[in-house]
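Visitor: return atomic coordinates for the entry below.
(chains A and B)
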Amino acid sequence: MSLFDWFANRKKLGPISKERQEREIADGLWKKCESCGVLTYIKDLQANQMVCLECGHHHRIFSHERIRQLIDADTWQAFDDHINPKDPLRFRDRKAYSDRLRDMQAKTQLKDAVQTGMGQIEGLPVVLGVMDFRFMGGSMGSVVGEKLTRLIEYGTQNKLPVVIVCSSGGARMQEGMLSLMQMAKISGALERHRQARLLYVPVLSHPTTGGVTASFAMLGDIILAEPKATIAFAGRRVVEQTLREKLPDDFQTAEYLLNHGFVDVIAPRTQLKKMLAQLIRLHQPYSPKNYQANSDQVNPERHSLSNSGSRTSIGTSS
Amino acid sequence: MLNSSQLLFPHIRNLHLFPIDAMPTTERRPILLDFEKPLAELESRISQIRELADENEVDVSAQIHQLESRAVQLRQEIFTSLTPAQRLQVARHPRRPSTLDYVQAISDEWIELHGDRRSGKDDPALVTGVARIEGRPVVMLGHQKGRDTKDNVTRNFGMASPSGYRKAMRIMEHANRFGMPILTFIDTPGAWAGLEAEQMGQGEAIAYNLREMFRLEVPIICTVIGEGGSGGALGIGVGERLLMFEHSVYTVASPEACAAILWKDASRSAQAAEALKITALDLKNLGILDQLLPEPVGGAHSDPLKAAEILKAAILHNLEELLAMTSEERQQLRYQKFRKIGVFTE
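Guide: I've put the predicted structure just below:
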């Protein structure tokens, strides 16, 4: 048997071992990486913030997990939990919007596609909004618009930096023009926050598209993005359906946007909290006393960040 | 139809930019929409009878008069009961007056300005310029569709690129600096969604306009004259006042795209048009629209100058109200206009 035959035989055995893998995944103890196929013990994966230990693939995470990763323990205070969506257009596609909402709320235990609140990042107070892709693709309707607007207004009144983790297919079609207008509403609130010379940092996670990209996702003073996240104005399907244009594979990734100058930093999830804290500190008014108090924390981080930062950029360019 | 002696604004004869009037009469044969067919049949019957009567020298004026009043009635009936999908057809009518048509018709003078000074491109799908309306200097800008296939290719069917939105912002900044009110005209199927547009940051270009338009101190009046397509429309659509012509539409996503995504079937667009609530009346009821502008019976394209007259009167009226306010009051009004949009329970 030649070496080639040996490889060929191994390939044939593939499906069997795959079946076994799937059984293990069903137990919920192991997760298979969508990118490299390696199985990882779920606790190890969680400890690494759901980033594949083998290939660095960022598994999709949702709002609760994200808040837990970014906000210091016991400092999270949710805002506007009680706001509920309605069905103002009595919209019905293949399913009634009101039924869709009820099913989504039951499935996700969320009222709508965003969680907002206040908390601390390494002891620094921030207001944070986190979109949740599970809830109708993170789409933005009246509730998302209202909660984010209130969040930003709270930030402006209380002189706090705003961080919004984006993950959305865009405006929610089931609420028609009310959804489109949320883009302007949120942008208006951001304008006031900006006038108050306060810092706004959106974090673009996979995927950020449509009306979210064409409003608050692109309005950051500094824009961070997760590696390989899809970031687009026109979603691939819309472009292909309405324009019959075939798009290249690497199009609309975070790295592509960085190369074209629309994203400042690609922040691996494992570095995100540190980087946000560092950015917030850098934008605080300078006083020697403040700097002294923080320097113990800041300096070692800066070294570790710049090291890993350069590693990342090598990784993405290769 | 029109001839030069009927022009309400005689000065525009000197400018060859009012193409509906400039078009040779042979090319001005009406373009019929399917629901206009019964009306067209009736009208052709009237002219047949008239010809026959002339040949045979019979007096049929009584019958003709009756048929003509029936035609007027029918037209009225058809255009007051249009479905959203039919309204969309009127909004997209190739002869529907475009931004440049209205600009020419309502302004005393107009100079088009070009370029965003950044991208090395000028976007013909979005036109901007300085103008004067009833003596007052203003800035006018809007999406520009083409009038025939060739023109439409040049104008990219009114789908603006990032350079178009950035040009619009540059001209709006200019207006702000010189205290000139801003009049925007919305008429686009949507922002251009091509490869180059994505590369140049279509999302960022629109987002930037949304935020910065809240900052401007001068009055901003936005009018949907035809098709208000999603973010591409909103990108020049933030003002204290939103006006809309009766048969124009404003959508969160084009009914075709919506049908493709929600029904997984692009041919269900009529259903999507119905469900999305895109007509001027719908938007008035949702509290998004400030003023609905009636159109001549048969749509703006059947009497463009009448439509322009209605537009001009509405703009002047709104402008007067806005100019009586301080810039802070206007900014507050603009903020509150959008702040209160949204339906939810607490």
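Visitor: helix or strand right after the helix or strand of chain B at the bottom of the mean pLDDT ranking?
Guide: Lowest mean confidence among the helices and strands of chain B (mean pLDDT, DSSP states H and E): helix B:19-22, at a mean of 46. Using DSSP states H and E, the helix or strand that follows helix B:19-22 towards the C-terminus is helix B:37-56.
Visitor: who are the packing partners of that next one?
Guide: Using 3 or more C-beta pairs under 8 Å, 6 or more residues apart in numbering or on different chains; DSSP states H and E, the elements in contact with helix B:37-56 are helix B:61-80. All C-beta atoms are positioned from the backbone trio N, CA, C, and that covers glycine.
Visitor: tell me the angle the helix it packs on makes with helix B:37-56.
Guide: On the basis of axes from the mean of the first three to the mean of the last three C-alpha atoms, to 10 degrees, helix B:61-80 is oriented at 170 degrees to helix B:37-56.
Visitor: helices and strands around helix B:61-80, which ones?
Guide: helix B:37-56.
Visitor: which residues are in contact with the helix it packs on?
Guide: The contact list for helix B:37-56, computed with C-beta atoms under 8 Å, 6 or more residues apart in numbering or on different chains, reads B:30, B:32, B:58-60, B:63-64, B:67-68, B:70-71, B:74-75, B:78.
Visitor: on the three-state scheme, the residue nearest the centre of chain A is what?
Guide: Centroid-nearest residue in chain A: A:S205, 3.0 Å away (criterion: C-alpha atoms, centre = their mean). The three-state label for A:S205, taken from DSSP: H, G, I helix; E, B strand; the rest coil, comes out as strand.
Visitor: just the helices from the stretch 201-318 of chain A, written as ranges.
Guide: Per DSSP state H, counting those that start in this stretch, the stretch 201-318 of chain A carries helices over the ranges A:210-213, A:236-243, A:254-259, A:269-282, A:288-317.
Visitor: residues near residue 246, how many?
Guide: Answering for chain A, as no chain was given. Residues within reach of A:K246, counting by other C-beta atoms under 10 Å in any protein chain shown, total 9.
Visitor: wrong one, I was asking about chain B
Guide: B:E246 sits with 22 neighbouring residues when counted by other C-beta under 10 Å.
Visitor: and for A:T230?
Guide: 18.
Visitor: my read: it touches A:L204, true?
Guide: No. In terms of C-beta atoms under 8 Å, A:T230 does not count as a neighbour of A:L204; the distance is 9.2 Å.
Visitor: overlap in contacts of the two?
Guide: Taking C-beta under 8 Å, 6+ apart as the criterion, A:T230 and A:L204 both touch A:A254.
Visitor: what sits against the residue nearest to the centre of chain A?
Guide: With C-beta under 8 Å, 6+ apart as the criterion, the residues that contact A:S205 are A:H58, A:V165, A:C166, A:S167, A:A225, A:E226, A:A229.
Visitor: quick one: the second one is in a helix?
Guide: Spelled out, that is A:V165. No. A:V165 sits outside any helix when classified using three-state DSSP, being strand.
Visitor: interface residues of the stretch 51-200 of chain A facing chain B?
Guide: Those residues of the stretch 51-200 of chain A that sit near chain B, judged by C-beta under 8 Å from any C-beta of the partner chain, are A:80, A:82-86, A:88-89, A:91-94, A:142-143, A:145-146, A:149, A:171-185, A:187-192, A:194-195.
Visitor: among these, name the buried ones.
Guide: Applying 16 or more other C-beta atoms under 10 Å in any protein chain shown to these, the neighbour count classes A:80, A:83, A:85-86, A:88-89, A:91-93, A:142-143, A:145-146, A:149, A:171-185, A:187-192, A:194 as buried.
Visitor: in strands, which of these appear?
Guide: Of these, the ones assigned to strands by DSSP state E are A:P85.
Visitor: among the contacts of helix B:37-56, which ones are buried?
Guide: Of all the contacts of helix B:37-56 considered here, the ones buried according to neighbour count by 16+ other C-beta under 10 Å are B:V60, B:L67, B:A71, B:L74, B:R75, B:I78.
Visitor: now B:V90, what's its secondary structure?
Guide: Local secondary structure at B:V90 is given as helix here, using three-state DSSP.
Visitor: what about A:A229, distance to B:G158?
Guide: Between A:A229 and B:G158 the computed distance is 31 Å (C-beta to C-beta, to the nearest Å).
Visitor: neighbour count winner among these two?
Guide: Per other C-beta under 10 Å, whichever of A:A229 and B:G158 has more neighbours is B:G158, with 28 against 22.
Visitor: residue ranges with poor pLDDT in the stretch 201-318 of chain A?
Guide: Filtered on pLDDT under 70, the stretch 201-318 of chain A yields the residue ranges A:237-245, A:290-318.
Visitor: likewise for the stretch 51-200 of chain B?
Guide: Residues of the stretch 51-200 of chain B that meet the cut-off, pLDDT under 70, do not exist.
Visitor: what count of nearby residues applies to A:P285?
Guide: Quick note: A:P285 (other C-beta under 10 Å) scores 5 neighbours.
Visitor: domains of chain B?
Guide: B:32-82, B:93-339 (automatic domain parsing).
Visitor: mind checking which of those is nearest A:K31?
Guide: Among the domains of chain B, the nearest to A:K31 by C-beta to C-beta is domain B:93-339 (29.4 Å).
Visitor: just how off-centre is the closest one within its chain?
Guide: A distance of 7 Å separates the C-alpha centroid of domain B:93-339 from that of its chain, computed with C-alpha atoms, centre = their mean, to the nearest Å.
Visitor: just to revisit the earlier point, name the member of the contacts of A:S205 with the most neighbours.
Guide: The residue in the contacts of A:S205 with the most neighbours, by other C-beta under 10 Å, is A:C166 (31 neighbours).
Visitor: now do the same contact list for A:T40.
Guide: A:W30, A:K31, A:C33, A:C52, A:L53, A:E54.
Visitor: ok, now which ones touch the second one?
Guide: Taking C-beta under 8 Å, 6+ apart as the criterion, A:K31 is in contact with A:I25, A:L39, A:T40, A:I42, A:L45, A:H59.
Visitor: can you check the fourth one too?
Guide: Shown in contact with A:C52 (C-beta under 8 Å, 6+ apart): A:C33, A:S35, A:C36, A:V38, A:T40, A:L45, A:H58, A:H59.
Visitor: so what's the residue count around the fourth one?
Guide: Which is A:V38. Here the neighbour count serves as a burial measure; for A:V38 (other C-beta under 10 Å) it reads 13.
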